[in-house]
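Participant: Turn this into a model:
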Amino acid sequence: MLIRRHLLLLYCQLLTTVLFGQTTPKAFNEATDAFMKAHVDGGRVDYSRLSKSGADLSALYKQAGATNLAGASDAEKKAFYINAYNVAVIHDVVQHFPLKSPLDQPGFFDKTKHRIAGQEMTLNQLEKDRLLNTYGDARIHFVVVCAAVSCPPLASFAYMPDKLDAQLDERTRLALNDPTFIQVNRGQKKVNVSKIFDWYKSDFTKGGQSILGYVNGFRREKIPNDYALGFYEYNWNLNGR
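Facilitator: Okay, here's the model as predicted:
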């Protein structure tokens with residue numbers, strides 16, 4: 001019954017877009033929330049099912065392009081762009097399904113253009129220009145999900161401006177306390193972390209902070225500062241189910 005209500009809400013939001021040509025960040029975020037609740041489970045996406053019956057995804061993707069951000073607050077824009085990134089990734093995987101990895105599709109991140117809030121951009125441009133460079137918030141790395149197994153798990157909800165800070169903290173804590181994401185070997189006094197921390201090192205080391213210092217800021221069980229730091233190989237296999 002709950003999923004039916006979410007899908008009805010999604011339908012109403014999408015119908016508004018079709019009828020009036022534009023939509024608001026609030027309408028898109030609410031429609032995305034309904035979609036994520038219906039199609040994401042345990043951080044995994046049923047791409048096979050969506051490839052056979054993905055009309056709601058196609059309409060949601062178009063809604064991302066039709067969203068009008070004029071007058072939107074920073075929090076509204078930030079939440080919108082996070083949700084738009086995740087929707088665009090899922091849409092592109094489904095468009096080229098079956099894929100074993102997003103990297104099997106050339107230009108997936110840096111060549112394919114997506115219409116987001118009326119502007120054409122790649123996923124890399126959306127992530128870096130609209131989110132990371134604009135807000136300087138490293139927690140964004142734990143909520144934009146690139147369809148790979150080694151990504152932080154995709155949330156089964158959308159990000160909302162009125163609770164965005166708490167959601168970002170929650171998802172960052174979830175990733176940084178996950179033993180498969182932060183791999184601590186106390187016998188060898190070593191910790192292996194995601195290549196995300198290597199690729200985007202400057203995002204985590206502002207003000208002279210170390211990567212380990214950033215990680216410990218969100219961990220329940222702190223990692224000693226004398227542990228050796230390494231980076232495990234990124235698993236680019238698709239995060240499907």
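Participant: Can you name the element that comes right after the helix-or-strand element of the chain with minimal mean pLDDT?
Facilitator: With mean pLDDT, DSSP states H and E as the measure, the helix or strand of the chain carrying the lowest mean pLDDT is helix 2-20 (a mean of 51). Following the chain from helix 2-20 toward its C-terminal end, the next helix or strand by DSSP states H and E is helix 25-39.
Participant: what's the following helix or strand past that following helix in contact with?
Facilitator: Toward the C-terminal end, the helix or strand that comes next after helix 25-39 (DSSP H and E) is strand 40-41. In this structure, residues lying in contact with strand 40-41 by Cβ atoms under 8 Å, 6 or more residues apart in numbering are Leu154, Ala155, Ser156, Arg241. Where you see a C-beta, it was placed from the backbone N, CA and C, and this is true even at glycine.
Participant: How much space separates the residue lying farthest from the centre of the chain from Lys222?
Facilitator: Distance from the centre of the chain peaks at Gly187, with 33.7 Å (Cα atoms, centre = their mean). Distance of Gly187 to Lys222, given as Cβ to Cβ, to the nearest Å: 17 Å.
Participant: Low-confidence regions, the protein specifically.
Facilitator: Of all residues in the chain, those with pLDDT under 70 make up the ranges 1-21.
Participant: got the contact list for the residue nearest the centre of it?
Facilitator: Most central in the chain under Cα atoms, centre = their mean is Val144, positioned 2.0 Å from the mean C-alpha point. If a contact means Cβ under 8 Å, 6+ apart, then Val144 has Ile82, Tyr85, Asn86, Glu127, Leu131 as its contacts.
Participant: hang on, Ala175 packs against Cys151?
Facilitator: No - taking Cβ atoms under 8 Å as the contact criterion, Ala175 and Cys151 are not neighbours in contact, 9.2 Å apart.
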